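A.B. asks: Sequence first, predicted model second:
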Amino acid sequence: MSSGIPNWRVSGDWFDLCKCGIPCPCNFGQAPTDGECAGILAWHINSGHYGDIHLDDLNFIMVGGFKGNLWNGTVKDMAGGFFIDERSDERQREALQAIFGGKAGGFPAEFAKLISEVRGTEFVPIRFEVAKDLAYWSVDIPGKVVGKAEALSNPMVPPGKRIQTMNSPENMMYTQTGVATWGKAATHEVDAFGFKWNLAGKSSKHIPFEWSGP
């Protein structure tokens with residue numbers, strides 16, 4: 001990475017809502033259900049800094065899609081647009097764009113290599129919520145993005161417990177100890193950056209994340 005990038009670290013909650021059937025095959029190193037995917041990726045930073053710039057309690061959202069398998073080098077045509085928390089000041093906005101845009105190293109720099117088209121960045125009000133017991137997670141950007149997933153369950157799952165996986169490729173991508181909690185989209189609508197869909201009933205998962213760089 002170029003000189004001038006400070007030490008940084010961000011950690012918090014991440015979840016997606018996507019086009020795949022349940023469970024999303026990408027979590028297991030496989031191609032998407034239909035060979036292509038579209039969805040919402042949502043991050044909330046519980047604790048973070050970029051040098052001396054504090055990033056606590058800020059949100060970053062990506063909407064977009066791709067074709068192929070993320071894990072075997074066949075991914076193509078990945079396009080996306082970014083939403084950044086309007087509560088951020090100018091220095092925080094620059095830091096978030098450096099981190100999530102891949103310019104500050106760490107895992108996001110590797111992910112950014114896959115993106116062939118960035119359709120834009122907007123600074124907007126973002127409502128992000130994750131239930132303490134992981135019963136649900138949601139994101140809302142008025143007029144543009146609305147998504148809510150409810151944790152999967154069935155009669156064999158003890159009360160208060162969640163259907164979870166660990167040590168899969170996508171878990172390890174976000175944190176070395178991350179556990180994926182699986183859900184089903186109660187609502188999943190996007191109308192932004194030229195993307196428009198309604199994918200209620202499809203796959204969702206929550207994974208804690210922790211990244212650092214450069």
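C.D. replies: Yep, it's here.
A.B. asks: Could you pull out the strands in the chain for me?
C.D. replies: Ranges of strands within the chain are 8-18, 36-50, 53-54, 59-67, 76-85, 115-124, 127-130, 136-141, 145-151, 164-166, 179-192, 195-198, 203-213, based on DSSP state E.
A.B. asks: Mind listing what's buried along the last one?
C.D. replies: Judged by neighbour count (16 or more other CB atoms under 10 Å), strand 203-213 contains these buried residues: 203, 204, 205, 206, 207, 208, 209, 210, 211, 213. Backbone N, C-alpha and C define where each C-beta goes, glycine included.
A.B. asks: Hmm, residue 163 and residue 153 touching each other?
C.D. replies: Yes. Here residue 153 reaches residue 163: they are 7.0 Å apart, a contact under CB atoms under 8 Å.
A.B. asks: what does the average pLDDT come to for stretch 35-45?
C.D. replies: Here stretch 35-45 scores 95 as its mean pLDDT.
A.B. asks: which parts of it are buried?
C.D. replies: 36, 37, 38, 39, 40, 41, 42, 43, 44, 45.
A.B. asks: Show the contacting residues for the fourth one.
C.D. replies: Shown in contact with residue 39 (CB atoms under 8 Å, 6 or more residues apart in numbering): 16, 17, 18, 19, 63, 64, 65, 188, 199.
A.B. asks: Kindly supply the PyMOL command isolating those of those residues that are buried.
C.D. replies: Selection of buried members from these for PyMOL, criterion 16+ other CB under 10 Å:
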select buried, resi 16+17+18+19+63+64+65+188+199
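A.B. asks: Would you mind giving the contacts of residue 39 as CSV with pLDDT and distance to residue 6 added?
C.D. replies: Output for these, formatted as CSV (pLDDT from 0 to 100; distance: CB to CB, whole Å):
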residue, pLDDT, distance to residue 6
16, 96, 28
17, 97, 33
18, 96, 33
19, 95, 37
63, 97, 29
64, 96, 28
65, 93, 32
188, 98, 36
199, 96, 38
